[in-house]
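J.: structure, please.
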Amino acid sequence: MRPGPRNLITDVAGLRVGNAQDDGLRSGVTVVTGDAPFVASVAVHGGAPGTRETDLLAPDKSAPGVDALVLSGGSAFGLAAAQGVMEALHEAGRGFEVFSARVPLVPAAILFDLLNGGEKGWTENPYPALGRAALAEASAAIALGTAGAGTGAQTAHHKGGLGSASLVIAGVTVGALVAVNPVGSVTTPSGRHFNAGPLEIGGEFGGLGVDPAPAWKLLPSRKAQTMAAQGNTTIAVVATDARLDKAQCHRMAVAAHDGIARAILPAHTPMDGDLVFGAATGRVEPDEMTLAMLGHAASLCLSRAIARAVWEAVPAPGDTLPTLRETLA
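T.: Numbers count the residues shown, from 1 in each chain. Presented below is the predicted three-dimensional model:
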C-alpha cells in the first residue's frame, strides 16, 4: 500500500471537496460531492450523533446514490448546512429524478463546537450559507487543519481540525476525510506522540515517531478521561473508486471505525457522536482479495487523517486550547 498522489480523499476518482468557515463564528462546513451521484452508506458508533437523511443510506433502502455528503460544525444548527447544499445542487440541475421532480440527496453529520469561544449569538442560522459556499469551493485541493468543519474542533488536550489521507491497493484507491473533535486524546499521555504514530507514512503528521513508553503506560490518564463539555464527536467520510453496493459501503464504514479507535483514546464514548460515511464512485472493479481489504485500508487512512488534522491545526486569537505544534515548541 502507498498513498495516492495528493494523499487526500480526492485521490478517489470522481470526488471533490469544498470547505467554508467563519473565523468569528469559529466553525465551518465541509462538503464531499462528485461528478455524478455516488453510492453511500453510514455506520454510527458514538453515543450522541447528530444526522440528517442517514436512514436512506441503509442497505435495504431504495435510494441508489447521493449527490453530496456534509460534515458540519454547529451541533444541530449545523444540520441546516445540508439545506444550502441541497438548494445549490437543485439550481445546478442535480438530484434524484422522480418523474418531473428532482430531489438532491444530501446526508449530513455534525459535531459540537458551540463552546469553543466563537461568536454564537447569531439571529439567522449561518450554516445554510456556509454549506452553499463550501459546495461552490469543491475541488481536488483540500485545506487541512483549521478549515471547514474542523475550524472550531477540539480534542481532549489540543485543537482538533480537518484531516485527510489516502492509500492505493492493487489499483484501487481508498481515502478518508475527517473532522476531529473528540472527547478523547489523539496523543499519548506524554503529549509528544500520536496514538496513530505506528501508521504514519513519510512524516505526514510531523514524524514524531512512536512513544517509547511501555504499552501499559499508554493508557489514557484519569485526567485525559475527564469528559470536557467543550468538544465531542469525530465525523468522517471514507471513500473508494471501487465498484461497491450499499451493503459493501456499509461494511467499509464499519471497518473504518477501527481507525478512530486506533487514533483516539477513548473513542466511541456516550458523549461522542462518532460517525463514518462510506462512499464509492464505482470507477474500478475490485478483485475478491482487494474487496476484502478495503475496510482495513479505510481504517488505516482514517487513523492517519485524524493525526494529520491535529498536526495541521493553526493557532488563532481566543483559542481555548493550544495547537499540538505550540506545545512541542
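
J.: from here on, just use CA atoms for contacts and neighbour counts.
T.: OK.

J.: quickly find the element holding Ser41.
T.: strand 27-44 (DSSP states H and E).

J.: quick one: mean pLDDT over whichever helix or strand comes after that strand.
T.: For strand 27-44, the following helix or strand on the C-terminal side (DSSP H and E) is strand 51-52. The pLDDT scores in strand 51-52 average 97.

J.: now stretch 136-155
T.: Rounded mean pLDDT across stretch 136-155 is 97.

J.: ok, back up a step: what strands line up against the strand holding Ser41, and which way round?
T.: strand 15-22 (antiparallel), strand 66-72 (antiparallel), strand 275-284 (antiparallel) (DSSP bridges).

J.: what's the closest of the ones you listed to Thr240?
T.: Thr240 lies closest, by Cα to Cα, to one member of the strands paired with strand 27-44: strand 275-284, at 4.9 Å.

J.: so which elements touch the lowest-mean-pLDDT helix or strand in the chain?
T.: Least confident helix or strand of the chain, by mean pLDDT, DSSP states H and E, is strand 96-98 with a mean of 88. Here strand 96-98 touches strand 101-103, going by 3 or more Cα pairs under 8 Å, 6 or more residues apart in numbering; DSSP states H and E.

J.: which strands and helices lie in contact with the strand it packs on?
T.: Using 3+ Cα pairs under 8 Å, 6+ apart: strand 101-103 touches strand 96-98.

J.: parallel or antiparallel, which strands does the strand it packs on pair with?
T.: In the sheet, strand 96-98 lines up with strand 101-103 (antiparallel) (DSSP bridges).

J.: C-terminal to the partner strand, what's the next element?
T.: Counting by DSSP H and E, what follows strand 101-103 is strand 108-110.

J.: can you name the next helix or strand after that following strand?
T.: According to DSSP H and E, the helix or strand after strand 108-110 is helix 127-136.

J.: run through who's touching that next one.
T.: For helix 127-136, contacts defined as Cα atoms under 8 Å, 6 or more residues apart in numbering pick out 17-21, 28-33, 70, 74, 77-85, 87-88, 148.

J.: let's go with 6 Å and repeat that
T.: 18-20, 29, 31, 78, 80-81, 83-85 (Cα atoms under 6 Å, 6 or more residues apart in numbering).

J.: what of stretch 316-329?
T.: Taking Cα under 6 Å, 6+ apart as the rule, stretch 316-329 contacts 158-159.

J.: poorly predicted segments of the stretch 51-200 of the chain, please.
T.: Along the stretch 51-200 of the chain, no part satisfies pLDDT under 70.

J.: which residue, neighbours along the chain excluded, lies closest to Ala13?
T.: Asp241 (5.9 Å; Cα to Cα, 6 or more residues apart in numbering).

J.: strand partners of the helix or strand containing the one you found, parallel vs antiparallel please.
T.: Using DSSP H and E, Asp241 sits in strand 234-242. Neighbouring strands of strand 234-242 in its sheet, by DSSP bridges, are strand 172-180 (antiparallel), strand 275-284 (parallel).

J.: could you dump these to a markdown table with mean neighbour count?
T.: Listed next are the strands paired with strand 234-242 as a markdown table, based on neighbours: other Cα atoms under 10 Å:
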| stretch | mean neighbour count |
| --- | --- |
| strand 172-180 | 32 |
| strand 275-284 | 26 |
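
J.: save those strands as CSV, and put in distance to Ala40 too.
T.: Shown next, in CSV, are those (distance: least, Cα to Cα, whole Å):
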stretch, distance to Ala40
strand 172-180, 14
strand 275-284, 4
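
J.: tell me the spacing between Leu144 and Phe77.
T.: To Phe77, Leu144 is 23 Å away according to Cα to Cα, to the nearest Å.

J.: just Pro212 next, same as before
T.: As defined by Cα to Cα, Pro212 lies at a distance of 43 Å from Phe77.

J.: more neighbours: which of the two?
T.: Phe77 (17 against 9; other Cα atoms under 10 Å).

J.: what residues are up against the more buried one?
T.: Phe77 touches nothing, counting by Cα under 6 Å, 6+ apart.

J.: same check on Ala179?
T.: Taking Cα under 6 Å, 6+ apart, one finds 149-150, 161-162, 234-235 in contact with Ala179.

J.: try 7 Å this time
T.: 149-150, 161-163, 234-236 (Cα atoms under 7 Å, 6 or more residues apart in numbering).

J.: with Pro270 instead?
T.: With Cα under 7 Å, 6+ apart, Pro270 has these contacts: 46-48.
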